[in-house]
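Participant: this one's sequence-less:
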């Protein structure tokens, strides 16, 4: 299997939620804070940082890791 590259050039802003609880009926994780469900996409890192600073949102920046691409051919499955 291969991982696709769709939407890999977008920057994502997610809100942290402190008060997560378990739903006693179903056992699912739940929260009264609806911001935990909000995810904002930005086309660039600078746009995401500017939005966070403009709206006084504390943020942690997680840089994407470089992909290690191993080129293989179908014939490699049969060669030892």
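Facilitator: Arrived safely, thanks for sending. Since this is a predicted model, take the numbers as computed values, not measurements.

Participant: which helices and strands does the helix or strand bottoming out on mean pLDDT in the chain pack with?
Facilitator: Ranking every helix and strand in the chain by mean pLDDT, DSSP states H and E puts strand 29-30 at the bottom, with a mean of 76. Here strand 29-30 touches strand 21-22, going by 3 or more Cβ pairs under 8 Å, 6 or more residues apart in numbering; DSSP states H and E. (Each C-beta comes from the backbone N, C-alpha and C, glycine too.)

Participant: Could you point out which residue ranges in this structure have low pLDDT?
Facilitator: Counting by pLDDT under 70, the ranges of the chain that qualify are 1-3, 7.

Participant: For it, which segments are assigned as helices?
Facilitator: Assigned by DSSP state H, the chain shows helices spanning 45-54.

Participant: on that earlier part again, may I have the strands that pair with the least confident helix or strand of the chain, each with its orientation?
Facilitator: strand 21-22 (antiparallel) (DSSP bridges).

Participant: how much space is there between the nearest residue to residue 59 once chain neighbours are set aside and residue 9?
Facilitator: Of all residues not flanking residue 59 in the chain, residue 52 sits nearest, at 4.4 Å (Cβ to Cβ, 6 or more residues apart in numbering). Distance of residue 52 to residue 9, computed by Cβ to Cβ, to the nearest Å: 19 Å.

Participant: Same check on residue 30?
Facilitator: Look at residue 30 and residue 9: by Cβ to Cβ, they are 33 Å apart.

Participant: show me what contacts the spatially most central residue of the chain?
Facilitator: Closest residue to the average C-alpha location of the chain: residue 12 at 6.0 Å, with Cα atoms, centre = their mean. With contact set as Cβ atoms under 8 Å, 6 or more residues apart in numbering, residue 12 has these partners: 39, 40, 41, 42, 48.
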